[in-house]
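Student: sequence isn't available, so here's the structure alone:
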């Protein structure tokens with residue numbers, strides 16, 4: 001089992017950048033595939049980005065491709081989401097999520113994830 005805590009959210013102007021962090025507890029963190037999911041008040045939770053256990057495979061939603069970068073540091077039990085060229089439509093609560101790497105290589109749908117953090121709010125003003 002793994003516990004997840006997100007940080008780094010905040011208020012930023014359109015065109016700006018933020019870096020989200022996710023701290024994971026548990027000795028087997030490196031065995032989990034990780035992802036970022038977001039939810040805005042007017043939408044269901046949607047997939048943003050995913051990364052496999054080693055960091056060698058990543059996947060992105062079309063809406064963030066080229067602007068967001070997911071990465072991980074297994075030595076520090078951390079996952080990151082670098083968000084550049086932010087748009088007002090990126091406003092949402094961002095969740096860090098995990099699924100055992102033996103189940104999937106990279107999880108690109110919300111329903112695949114087993115463990116979730118509480119989320120961090122990102123607000124992009126126009």
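Tutor: Nice, I can see it. Since we're looking at a predicted model, the values are computed, not measured. Numbers count the residues shown, from 1 in each chain.

Student: residue 119 reaches residue 97, doesn't it?
Tutor: No - at 10.1 Å, residue 119 does not count as touching residue 97 under the criterion of Cβ atoms under 8 Å. In short, each C-beta sits where N, CA and C put it, glycine included.

Student: figure out the helix or strand that the residue nearest the centre of the chain lives in.
Tutor: Note on the chain: the residue nearest the mean C-alpha position is residue 36, at 2.0 Å, using Cα atoms, centre = their mean. If you go by DSSP states H and E, residue 36 is part of strand 32-39.

Student: cool, residue 70 as well?
Tutor: With DSSP H and E as criterion, residue 70 is part of strand 68-73.

Student: excluding its backbone neighbours, what's nearest the residue nearest to the centre of the chain?
Tutor: Nearest residue to residue 36 in three dimensions, chain neighbours excluded: residue 48, at 4.3 Å (Cβ to Cβ, 6 or more residues apart in numbering).

Student: how about residue 60?
Tutor: Closest to residue 60 by Cβ to Cβ, 6+ apart is residue 49, at 5.0 Å.

Student: contact partners for residue 119?
Tutor: 6, 39, 93-95 (Cβ atoms under 8 Å, 6 or more residues apart in numbering).

Student: adding distance to residue 61, write the residues you listed out as TSV.
Tutor: As requested, these are arranged in TSV below (distance: Cβ to Cβ, whole Å):
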residue	distance to residue 61
6	18
39	13
93	16
94	12
95	14
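
Student: if we can go back for a sec, ok, the strand holding residue 70: who's next to it in the sheet?
Tutor: The pairing partners recorded for strand 68-73 under DSSP bridges are strand 78-83 (antiparallel).

Student: now the element after the strand it pairs with, going C-ward?
Tutor: strand 92-100.

Student: what angle separates that next one from strand 32-39?
Tutor: 160 degrees (axes from the mean of the first three to the mean of the last three Cα atoms, to 10 degrees).

Student: packing partners of the helix or strand just after strand 92-100?
Tutor: Going down the chain from strand 92-100, the next helix or strand is strand 115-116, by DSSP H and E. If contacts are counted by 3 or more Cβ pairs under 8 Å, 6 or more residues apart in numbering; DSSP states H and E, strand 115-116 sits against strand 3-7, strand 92-100.
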